[in-house]
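J.: Sequence first, predicted coordinates after that:
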Amino acid sequence: MKIVVIGSSGLIGKKLVDKLRRKGHEVVAASRALGVDIITGEGLAEALTGARVAVDVANSPSFEDTAALEFFETSGRNLLAAEAAAGVGHHVALSVVGTERLQDSGYFRAKLAQESLIKNSSIPFTIVRATQFFEFIRGIAQSATEGQTVRLSHSLIQPVAADDVAAAVAEAALQPPVNGTIEVAGPDAFHLDELVRRVLAHDEDHHRVIADPNARYFGVLLNDQSLVPGENPRLGPTRFEYWLGRTMPPKQEATKTPLSSQTGPG
């Protein structure tokens with residue numbers, strides 16, 4: 001089966017292409033670097049010719065409100081129109097758990113607009129909503145850092161390994177469209193400030209993490225429902241402790257030799 005992966009150069013896209021190819025499918029890796037531009041439409045028709053499934057895991061290069069909205073609306077319209085012209089029978093898109101609860105953020109308003117375009121198109125679809133990735137926890141910490149202090153909400157978060165997200169998206173692509181939403185999350189929930197504290201301790205980073213009820217998550221005030229899935233999500237098997245134990249602190253990562261970066265599991 002021919003499957004086109006839009007956003008194939010990103011964290012999820014690379015993993016997804018590999019997983020689908022390992023299952024024996026014909027996979028077209030599509031990204032701007034490979035000649036497929038979902039903003040201008042360049043290369044879309046050629047990439048989608050003969051495809052039965054298109055998977056969109058592309059992300060906006062900017063989190064700024066207007067730029068994110070323009071990206072998801074323009075790319076969504078271009079991609080869905082090209083899919084309809086090519087006779088694609090299943091559109092799969094990656095989105096974010098809790099998007100409708102995070103509407104104080106322009107980025108999440110843009111993601112909801114993307115979902116709306118998908119739901120209102122003529123193409124059968126599956127939206128896979130994922131919780132935050134383990135891989136982005138350090139970025140959350142950085143975004144909340146002022147001097148030597150990291151201020152974060154004490155609200156719950158149920159993060160997931162990127163590899164488990166890619167597996168869930170691959171499974172959705174190989175199943176019939178659900179014309180609805182599937183949620184995927186990690187196996188365990190944590191308080192956000194405590195989770196970041198554990199990652200920084202692992203990294204031997206001595207920033208002080210403070211639980212602050214007024215701390216915003218990319219502009220959004222959180223509660224215990226904001227970042228966790230609803231009933232009956234798909235739970236990825238990778239536990240946070242296992243993932244953290246296999247990651248190298250950033251300082252060590254930066255000082256690796258070219259040889260050591262190619263050895264060991266990964």
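T.: Thanks, I have it.
J.: what's in contact with stretch 21-38?
T.: Here stretch 21-38 makes contact (CB atoms under 8 Å, 6 or more residues apart in numbering) with 1-10, 13, 17, 20, 42-44, 47, 51, 58, 74-75, 78-79, 170, 174. C-beta: built from backbone N, CA, C; applies to glycine.
J.: what comes up buried for stretch 56-75?
T.: 56, 57, 58, 59, 60, 63, 68, 69, 71, 72, 75 (16 or more other CB atoms under 10 Å).
J.: need the contact list for the third one.
T.: When contacts are counted by CB under 8 Å, 6+ apart, residue 58 touches 6, 7, 10, 13, 31, 38, 75.
J.: Then the fifth one?
T.: When contacts are counted by CB under 8 Å, 6+ apart, residue 60 touches 67, 68, 71, 72, 107, 110.
J.: My guess is the fifth one contacts residue 217. True?
T.: What that stands for is residue 107. No: assessed by CB atoms under 8 Å, residue 107 is found out of contact with residue 217, at 11.1 Å.
J.: In helices, which of the contacts of residue 60 fall?
T.: Using DSSP state H, 67, 68, 71, 72, 107, 110 are the members of the contacts of residue 60 that sit in helices.
J.: Run through the residues that contact the first one.
T.: Translated: residue 67. So residue 67 contacts 60, 61 (CB under 8 Å, 6+ apart).
J.: what's the answer for residue 72, then?
T.: With contacts defined as CB under 8 Å, 6+ apart, the neighbours of residue 72 are 60, 110, 111, 113, 114.
J.: State the distance from the closest residue to it other than its chain neighbours to residue 89.
T.: Using CB to CB, 6 or more residues apart in numbering and skipping residues adjacent in sequence, the residue nearest residue 72 is residue 114, 4.0 Å away. Between residue 114 and residue 89 the distance is 20 Å, computed by CB to CB, to the nearest Å.
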